[in-house]
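# Pasting the sequence and the predicted coordinates here, then a few questions.
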Amino acid sequence: MTTAPPQAPVAGGAPPARPSVPRRVIAFLRNTWRGLTSMRTALVLLFLLALAALPGALLPQRSLNQQLVDQYFTDYPTLAPILDKGGFFDVFATPWFAAIYLLLMISLIGCLVPRNLDFVRAMRSDPVATPRNLARLPHHAAGVVDEDADAVLARVRALLGGNRFRAWQRADREEPGGVRTVSAEKGRLREAGNLVFHLSLVGLLVGLAMGKLFGYEGQVIVLSGGGQFCNSSILGYDSFRAGLRVDGTQLEPFCVRVDDFSAEYLPNGQPDSFRAQLGYQTAADVEAGDTTRWSSYELQVNHPLRLDGARVYLLGHGYAPRFTVTWPDGQQRTGQIQWRPVDMATMLSEGATKFERPGVTDPTQRQNSQIAVTGLFAPTSSGGQIITSVYPDLHDPQVAVDVLRGDLGLDDGRGQSIFSVDQAQVDSGALTRVARANLLPGESVTLDDGTQVRFDDVLPWVSLQVSHDPGQETVLVFAILLLAGLGTSLAVKRRRFWVRLVPAGDGRTEVRLGGLARTDQAGYGEEFDRLRAAILGEEHTPPEPTDPIHQSPSSGTPGTGDPTGPTDRGDT
């Protein structure tokens, strides 16, 4: 029984059946993957990544300076909320920036994996066969030497090896007349450098991703003169930014103590240097329970303390006035907390030091007897009724304070700034001003009920930043490899050289040469001429640079009236 061959569909017949849904889905995914892993897509994503990073460089970022972001909202009240909705004040943490980042990483990996496999196969393969017609190449020459083919072949291989060519004799190719060929190539490391460059770029992305996932960064203010900070949990920080895989429960428990701080300024008030004398305990010291062993370190700007995989930076400094409140019954409370600089040139600072009267058990009486000392602090006061600071160092400290009494709103469950009081309490009358004065160290002001507020002294505080980035070493290694790969790809020149030896009889050999540069770089013409002269036994004279403007008409240059221009070296 025979089966009839399938008939072609006739015109006007039923259309071909559509592929099934799984086939269409597979085809869509395959085409999407091919488009994503193309070099064109990788370049477009790289351009988009650079374009997306521009707002992070042009606009203030919350992760770097919240005060500048607040100032931007004040200066541009209409534009700032629109930009904030798009995440332009925290660009590098937005989903759209992460999407570009991940797509670029996938595209680069998809591009580089096939290229790596092709490069490995190319490194293991032999140079291409010698073309039959070498005269068609950009560099070619021919000549006859008084040696047999074997002698010329040995000399050619030795010469090419001395010039770092990888030579290979085509012995398996059948050619009539005893023709011998040599195919040589050098500069394959250029492609290796190119691949190392792109793989290093992927490594940089991996290192940055490790930092985003497992790194953290926190800021804390510590008073000098013995103030301490321990990296035991996120509760010890004033602000903390954790990585995506960091919950703050497994921090290395090292401790830092600020023994002293000194700042040096130029006569015009410009800062010259900042130094903080630290004592520190490693995580091993803390776990051992040794509270007496402290190592010393001088912390300076851009000279961090490296400790248990973290880096401690010195970010800034300020001043913390100390006040003592003495109530009529003789009880005292001393408070010292950092005040915030409002003028970085003169370190004029503002703040609020808050007190609760001791020994009061009634909740209403306790709230109504709270005291806040607010105002301005000048490290070098201008004097007079309205003071300001004229120099950032502690030469003549003075405070201009308002003493407020009443309910500070500390028990209403809402957080409030440590640098100011709740203005709503002042507006409602729950908090009233009971005194105003300018005080030097040791001076005091007495309230209407006999309570005395004394300005005792001032201490500097330092702002420390603790950064932990497990991908830092990875980024450094791949950055070095990236530069090395880029330098190799730019410096190495890939070139090919072919030799065809044709027996001419009587022990003579016709030598045909050809060369091809795989990159558009100057210099191969001179190298080819040197190899040609060495193989054909000619004298090689390097070309002399000439000035085409002052060249004489008799120099043999075409177009100057002399019909005998220089002959092509390939016609030798």
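Here it is on my side, so go on.
# what's the offset of stretch 494-513 from the middle of its chain?
Put simply, stretch 494-513 sits 54 Å off its chain's centre (C-alpha atoms, centre = their mean, to the nearest Å).
# Report the buried residues of that stretch.
494-502, 509-513 (16 or more other C-beta atoms under 10 Å). To be clear about C-beta, it is placed using only N, CA and C from the backbone, and glycine gets the same treatment.
# just checking, which of the residues you listed belong to strands?
Using DSSP state E, the subset of the buried residues of stretch 494-513 located in strands is 495-502, 509-513.
# quick one: which of those residues is nearest A158?
Closest approach between those and A158, by C-beta to C-beta: V499, at 12.4 Å.
# Leaving out chain neighbours, which residue sits closest to that closest one?
V182 (4.2 Å; C-beta to C-beta, 6 or more residues apart in numbering).
# Tell me which helix or strand comes right after the helix or strand hosting the one you found.
According to DSSP states H and E, V182 maps onto strand 180-186. Later in the chain than strand 180-186, the nearest helix or strand by DSSP H and E is helix 189-214.
# buried set for that next one?
Here helix 189-214 shows 189-191, 193-205, 207-212, 214 as buried, counting by 16+ other C-beta under 10 Å.
# before we move on, the earlier item: save the ones in strands among the buried residues of stretch 494-513 as CSV, and put in distance to F229 and pLDDT too.
Shown next, in CSV, are these (distance: C-beta to C-beta, whole Å; pLDDT from 0 to 100):
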residue, distance to F229, pLDDT
R495, 62, 85
R496, 65, 87
F497, 67, 88
W498, 71, 90
V499, 74, 91
R500, 78, 90
L501, 80, 90
V502, 84, 89
T509, 84, 90
E510, 85, 91
V511, 80, 92
R512, 79, 92
L513, 75, 93
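# Dump the buried residues of stretch 494-513 into TSV; add distance to V434 as well.
TSV is the format used below for these (distance: C-beta to C-beta, whole Å):
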residue	distance to V434
R494	85
R495	90
R496	93
F497	96
W498	100
V499	103
R500	106
L501	109
V502	113
T509	113
E510	113
V511	108
R512	107
L513	102
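# rewinding a little: check which residues of the strand holding V182 are buried.
Residues of strand 180-186 classed as buried: 180-186 (neighbour count, 16+ other C-beta under 10 Å).
# what's that strand packed up against?
Applying 3 or more C-beta pairs under 8 Å, 6 or more residues apart in numbering; DSSP states H and E, we find strand 180-186 packed against helix 149-162, strand 166-169, strand 495-505.
# Report the rounded mean pLDDT for that strand.
The pLDDT scores in strand 180-186 average 86.
# Tell me the gap between it and the middle of its chain.
How far strand 180-186 lies from its chain's middle: 45 Å, per C-alpha atoms, centre = their mean.
# One more: stretch 458-475?
Offset of stretch 458-475 from its chain centre (C-alpha atoms, centre = their mean): 17 Å.
# Going by neighbour count, which residues in it are buried?
By neighbour count on 16+ other C-beta under 10 Å, the buried set for stretch 458-475 is 458-469, 471-472, 474-475.
# Kindly report the same for stretch 251-271.
Of the residues in stretch 251-271, 251-258, 261, 263, 271 count as buried by neighbour count, 16+ other C-beta under 10 Å.
# backbone phi and psi for the nearest residue to G243 once chain neighbours are set aside, please?
In this structure, G243 finds its nearest non-sequential neighbour in G215, 4.7 Å apart by C-beta to C-beta, 6+ apart. Main-chain torsions, G215, degrees, to the nearest 10: phi -100, psi 170.
# and G215, how far is that from L102?
18 Å (C-beta to C-beta, to the nearest Å).
# re earlier: please identify which pair of the buried residues of stretch 251-271 lies farthest apart.
Comparing all pairs in those by C-beta to C-beta, the longest separation belongs to P253 and P271, at 33.2 Å.
# now the helices: where do they sit in this protein?
Per DSSP state H, the chain carries helices over the ranges 21-36, 39-58, 66-75, 79-85, 95-124, 149-162, 189-214, 283-288, 363-368, 423-428, 472-491, 524-536.
# Turn the ones you listed into a markdown table, columns for mean pLDDT.
Output for these, formatted as a markdown table (pLDDT from 0 to 100):
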| stretch | mean pLDDT |
| --- | --- |
| helix 21-36 | 86 |
| helix 39-58 | 88 |
| helix 66-75 | 88 |
| helix 79-85 | 91 |
| helix 95-124 | 84 |
| helix 149-162 | 85 |
| helix 189-214 | 86 |
| helix 283-288 | 89 |
| helix 363-368 | 84 |
| helix 423-428 | 90 |
| helix 472-491 | 91 |
| helix 524-536 | 85 |
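# so which of these gets nearest S233?
When these are compared by C-beta to C-beta, helix 283-288 sits nearest S233, at 12.9 Å.
# Not counting the closest one itself, show me its contacts.
230, 252-255, 293, 308 (C-beta atoms under 8 Å, 6 or more residues apart in numbering).
# shaky segments in the stretch 301-450 of the chain?
Across the stretch 301-450 of the chain, nothing is flagged by pLDDT under 70.
# Try it again at 80.
411-415 (pLDDT under 80).
# Run a quick check on F89 versus L83, I expect a contact.
Yes: if you go by C-beta atoms under 8 Å, F89 and L83 touch, sitting 6.6 Å apart.
# Find the residues that touch each one of those two.
L59.
# Which of these two has more residues huddled nearby?
Each of F89 and L83 has its neighbours counted (other C-beta atoms under 10 Å); F89 has more, 22 against 15.
# What does R494 show for phi and psi?
According to degrees, to the nearest 10, R494 has phi -90, psi 120.
# which ones are touching it?
With contact taken as C-beta under 8 Å, 6+ apart, R494 is in contact with 185-188, 190-191, 517-519.
# rerun at 7 Å
Shown in contact with R494 (C-beta atoms under 7 Å, 6 or more residues apart in numbering): 187-188, 190, 518-519.
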